[in-house]
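Predicted model and sequence below, questions to follow.
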Amino acid sequence: MTDLFVTSCAHCGTTFTARRSDARYCSPRCRVAALRERRQPAQRRRQPLPEQFTHQTIALDRHAALLEKDAATLLRLIQDDRLTANRSNISATNGSDIQRAIHTLTTQADTLRTVNNALNPPQPSPDTTRQQP
Ligand SMILES: [Zn+2]
């Protein structure tokens, strides 16, 4: 004996006849589609979060500033000859390492600023557009 159950598809809403009382979908296609939606709810709902977005770009900008400060500090130490004060302890290799570190820091800072500007294009400063009385 085969009972038939009339029910509606949990995915598309179509009314269909099922052989099982617990059937939920009208077709394998709807079953798969519903499963896919259950698996990826976060991706479907993901939307830009302006506040968080702003915080991230500010963090990038600060990080770039810190990197530049590190690079500037290294550069100043070299210019002040403080790093080379104990020349017997600093080999030429160390010197080029420091130069490389400065280059890396400034390059990273540039990259961060580029990313930051791409995410959050700089606005013209109000001071430059304000009319003088
Ligand atoms: Zn369906």
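Looks like it arrived, so ask away.

how about the helices in the chain?
Counting by DSSP state H, the chain has these helices, from start to end: 28-39, 41-45, 50-79, 92-119, 126-129.

pLDDT on the last one, on average?
Mean pLDDT, taken over the full extent of helix 126-129, equals 56.

Repeat that for stretch 105-113.
Stretch 105-113 shows a mean pLDDT of 80.

Check stretch 34-51 too.
What stretch 34-51 shows for mean pLDDT is 67.

mind checking how far the nearest residue to residue 6 once chain neighbours are set aside is from the ion?
Nearest residue to residue 6, sequence neighbours excluded (Cβ to Cβ, 6 or more residues apart in numbering): residue 17, at 5.5 Å. Placement of C-beta: from N, CA and C, glycine included. As judged by Cβ to the ion, to the nearest Å, residue 17 and the ion stand 13 Å apart.

what does residue 102 give?
In terms of Cβ to the ion, residue 102 sits 63 Å off from the ion.

Could you do residue 19 as well?
Using Cβ to the ion, residue 19 is found at 16 Å from the ion.

and the residue nearest to residue 33 when sequence neighbours are not counted, how many residues sit next to it?
In space, and not counting its chain neighbours, residue 33 is closest to residue 11: 5.7 Å by Cβ to Cβ, 6+ apart. For residue 11, the neighbour count with other Cβ atoms under 10 Å is 18.
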